[in-house]
Every structure is written in C-alpha cells, then in structure tokens.
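Participant: Return a 3D structure for these sequence lines:
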Amino acid sequence: MTIFLKQIKYQIVIFLLIIIKLILFSDAYAQETKQYKLKTVVIDAGHGGKDSGTRGRYTLEKNVALAIALKLGTYIEENIPDVKVIYTRTTDTLISFDERTGIANRNNADLFISIHLNGVKNNPKVYGTETFVMGLHKTQSNFELAKKENSAILFEDDYTTKYEGFDPQSAESYIIFSFLQNTHLEQSLNYAAFVEDEFASRALRKSRGVKQAGFLVLWKTTMPSVLIEAGFLSNPREEKFLKSKKGQEYIASAIYRAFKRYKNNIEEKSHFIAKVDSSVEKTSNTIFYKVQIASSKKPINTSKLFKGFKDIIEIKYNNIYKYAVGSFTNYSEVLNYKKTLEKKFPDAFIIATKNGNLIPLNKALRINKN
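Facilitator: I've put the predicted structure just below:
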C-alpha cells in the first residue's frame with residue numbers, strides 16, 4: 001500500500017511539473033510572438049473658438065469638423081473598444097497647432113487624424129474630398145490650401161516664437177518642408193489611400209486623391225498622420241450634404257472604415273516572426289532596418305530578379321514569400337537607400353528587425369528614439 005501511494009505521489013508530481021512547464025512555455029511563446037497593436041488614435045477637429053476656418057453660406061468649418069470628429073470617435077469606441085480615442089477638442093475651443101501635436105505625442109498615439117473642410121473663393125463648382133500627408137506641395141492649389149489652413153496660427157499669441165519664425169503667407173517659410181524626412185510617410189500614405197477609397201466607394205463622394213502639402217498641424221507629429229479635407233463648403237450642394245446629420249455620419253463612417261482597414265493591415269504585417277540569416281543580427285540587440293522590395297506566392301530565383309544584391313533575406317508568411325535587402329542601423333540611411341530602389345521597385349517599403357526577428361516599424365522607431 002505504501003509503495004502504491006508513493007507511486008501515486010510520484011505521478012502527481014510529474015503531472016504538475018508537466019503542467020508548469022506547459023504554462024511557462026506557452027507564456028514565453030506568447031511573449032515571443034506578441035504582435036504590434038494599434039492602441040491609441042488622436043482625432044483632431046480643425047480650427048475652433050475665434051478661428052472659424054472656412055465659411056460656407058450656412059456653416060462654419062469649425063462646427064462641421066467637430067461634429068464629424070465626435071461621430072468618428074464614437075464609431076471607434078463602440079466597435080473597437082480596445083483602441084483608446086483621444087480628442088484634441090470636444091467643444092468650440094481654440095487649440096494651438098503645437099498643442100494639438102503635443103497631445104498626440106504625449107499620449108504616444110499610433111495615428112493622428114486631423115479633420116477639416118475645404119473652400120475656394122469665386123468657384124462654387126469645385127467639390128470633392130482630399131486627404132493630405134506631410135510633405136512639400138507639388139501644385140499651386142495645394143500650396144494655397146496649406147497657406148489658408150496654416151494661417152490659423154495668426155490667432156495664437158507669440159506664434160513667431162512658437163513656430164520658429166514661420167510665416168504662413170511666405171513661400172520661403174515652406175522651404176523647410178523640403179528638408180524634412182517623414183519617418184512615417186509610408187504608413188500615412190497607406191491610411192490616406194484607405195480614406196479616399198472609402199469616400200469614393202462607400203460614402204459616394206468625389207475623391208480628389210491623396211496629396212502632400214506643408215501643414216503645420218502635421219509638422220511635429222511622431223506617428224503616422226493625415227489631414228482630411230472632407231468636402232467644399234463653398235459648393236452649395238456639398239455644403240448641404242456636410243451640414244446634414246446623414247452627411248456627417250457618412251463622412252465619419254468612411255473615415256472609421258478606413259481606420260479599421262489600416263489597423264488590420266498594419267497589425268497583420270507585424271504578425272509574423274522571420275529569422276535573419278546574419279549571425280551578427282541574430283545575436284545583436286541593435287535594431288536593423290531593411291527594405292522589402294518584392295513578394296510572391298512562389299519562391300523567386302533571387303539570383304535573376306535581384307541581380308547585384310548580396311544581402312537578400314526571404315520571409316515566408318501565410319504562404320507568401322517576401323524579399324528584403326539592406327541592413328542599416330540608421331533610419332535616415334535606410335530611407336535614402338529605399339529612394340535609390342524606388343525606380344526598379346516602386347512598391348518598396350521599410351521593415352525592422354531586432355535579435356534576428358522582424359518587429360513593427362513603429363516599435364523600432366520608438367525604441368531608437370528612447
């Protein structure tokens with residue numbers, strides 16, 4: 001009987017040890033494969049207070065922008081409760097550009113969405129949506145819009161000091177934007193494209209496309225950022241749509257659907273671990289940046305398509321083969337390297353690795369920043 005009890009106790013101990021090992025293993029595995037999650041979005045309703053923005057015949061930009069912003073935030077809170085929604089304003093208040101940016105930066109936001117309404121003088125026929133990312137204007141119309149939106153700083157006290165002498169009406173002031181390197185340009189462009197696609201396909205608006213211009217409200221954000229012009233208040237028919245509850249719901253819903261697509265897309269891209277061949281990168285805690293240049297459903301003969309490249313890595317994810325080149329520890333260097341590849345590989349984008357594993361680019365940039 002004593003021997004039997006000892007055997008039972010021994011088996012129980014073995015069983016408990018197996019359970020503990022499984023728990024520890026599963027926890028370690030979960031930590032190892034933990035993927036990037038979009039946790040925080042900042043929604044910025046343009047203008048406010050004594051700054052009315054564009055004036056329609058019956059509406060003010062500040063009021064329509066706020067209504068759309070609040071509806072957008074509600075959609076996200078109700079349908080994606082794990083995302084924290086932060087507003088730069090929830091009332092008719094003037095918020096400075098640097099404070100709008102500051103709110104996003106202090107809260108480590110994953111995405112910054114600034115909502116505005118458009119307008120042109122003496123041309124009530126122009127209508128449609130536009131979504132902008134930070135960059136140097138390429139057309140005179142984009143420049144004029146940037147000047148108009150940036151003129152809101154004139155309502156702020158001591159704006160020349162706060163914005164390093166920036167004059168929203170001076171063409172020379174905008175030269176600074178030609179030297180800026182937006183580390184989140186690719187992600188900003190991706191979200192902007194989703195927004196315009198949703199406007200056209202689901203909200204049935206005329207999309208005027210994704211564009212670049214030097215908007216101060218996007219200048220110092222440290223995350224993917226867009227400025228949305230949801231329509232023209234100078235167009236009577238579009239103003240009627242934008243001032244209506246139904247119209248505002250359509251616009252907010254389109255921006256929300258684009259947000260959901262963007263969130264799923266960026267999280268899916270981070271949901272895999274690929275080992276890097278380099279023994280130096282495997283053992284190093286340093287972050288390395290690379291450029292993904294191609295993907296295929298079948299393995300590619302790298303010696304033919306990627307002739308001249310010696311540092312190609314192959315990543316297999318969901319039965320898709322992805323190929324990346326380069327190895328840089330400085331983001332500016334990989335950004336310049338990517339530009340040299342764009343003629344041959346126009347869809348190239350930057351990825352990051354640490355300890356031989358791929359990690360989300362947002363996370364890599366934050367680690368290096370800190």
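Participant: so residue 101 touches residue 220, yeah?
Facilitator: Yes. Counting by Cβ atoms under 8 Å, a contact exists between residue 101 and residue 220, whose distance comes to 4.8 Å. In short, each C-beta sits where N, CA and C put it, glycine included.
Participant: Neighbour count: these two, which is higher?
Facilitator: The residue with more neighbours, out of residue 101 and residue 220 and counting by other Cβ atoms under 10 Å, is residue 101; that gives 23 against 17.
Participant: show me what contacts that one?
Facilitator: For residue 101, the contacting residues are 112, 217, 219-221, taking Cβ atoms under 8 Å, 6 or more residues apart in numbering as the criterion.
Participant: Ok, residue 61 next?
Facilitator: Remark: with contacts taken as Cβ under 8 Å, 6+ apart, residue 61 is in contact with 46-47, 52-55, 116-117, 119, 233.
Participant: Which stretches in the stretch 51-200 of the chain count as helices?
Facilitator: 61-79, 97-106, 140-150, 159-162, 185-201 (DSSP state H, counting those that start in this stretch).
Participant: Now the first one: average pLDDT?
Facilitator: Mean pLDDT, computed over helix 61-79, is 98.
Participant: And for residue 154, the neighbour number?
Facilitator: Once other Cβ under 10 Å is used to define contacts, residue 154 is seen to have 11 neighbours.
Participant: Now the buried members of the contacts of residue 61.
Facilitator: Buried subset of the contacts of residue 61 (neighbour count, 16 or more other Cβ atoms under 10 Å): 46-47, 52-54, 116-117, 119, 233.
Participant: any chance of these in TSV, with pLDDT and distance to residue 96 too?
Facilitator: Output for these, formatted as TSV (pLDDT from 0 to 100; distance: Cβ to Cβ, whole Å):
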residue	pLDDT	distance to residue 96
46	94	13
47	93	12
52	94	16
53	93	15
54	93	19
116	96	16
117	97	20
119	94	22
233	97	23
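Participant: Pick the one among those residues closest to residue 146.
Facilitator: The shortest gap between residue 146 and any of those belongs to residue 116, at 11.3 Å (Cβ to Cβ).
Participant: For the closest one, list each beta-bridge partner.
Facilitator: When bridges are assigned using DSSP bridges, the partners listed for residue 116 are residue 229.
Participant: Next up, the contacts around it.
Facilitator: If a contact means Cβ under 8 Å, 6+ apart, then residue 116 has 46-47, 53-54, 61, 65, 149, 227-230 as its contacts.
Participant: how does it look with 10 Å?
Facilitator: When contacts are counted by Cβ atoms under 10 Å, 6 or more residues apart in numbering, residue 116 is found next to 44-47, 53-54, 61-62, 64-65, 68, 130, 132, 145, 148-149, 215, 217, 227-231.
Participant: And for residue 367?
Facilitator: Remark: with contacts taken as Cβ under 10 Å, 6+ apart, residue 367 is in contact with 285, 287, 352, 354, 359.
Participant: can you tell me which of those residues are in strands?
Facilitator: 287, 352, 354, 359 (DSSP state E).
Participant: Where neighbours are concerned, which of these has the most?
Facilitator: When neighbours are taken as other Cβ under 10 Å, the top entry among the ones in strands among the contacts of residue 367 is residue 352 (23 neighbours).
Participant: if we can go back for a sec, top of the contacts of residue 101 by number of neighbours, please.
Facilitator: Of all the contacts of residue 101, the highest neighbour tally under other Cβ under 10 Å goes to residue 112, namely 29 neighbours.
Participant: How about that residue, nearest residue that isn't a chain neighbour?
Facilitator: In space, and not counting its chain neighbours, residue 112 is closest to residue 225: 4.0 Å by Cβ to Cβ, 6 or more residues apart in numbering.
Participant: gap between the one you found and residue 132?
Facilitator: Distance check for residue 225 against residue 132: by Cβ to Cβ, to the nearest Å, it reads 10 Å.
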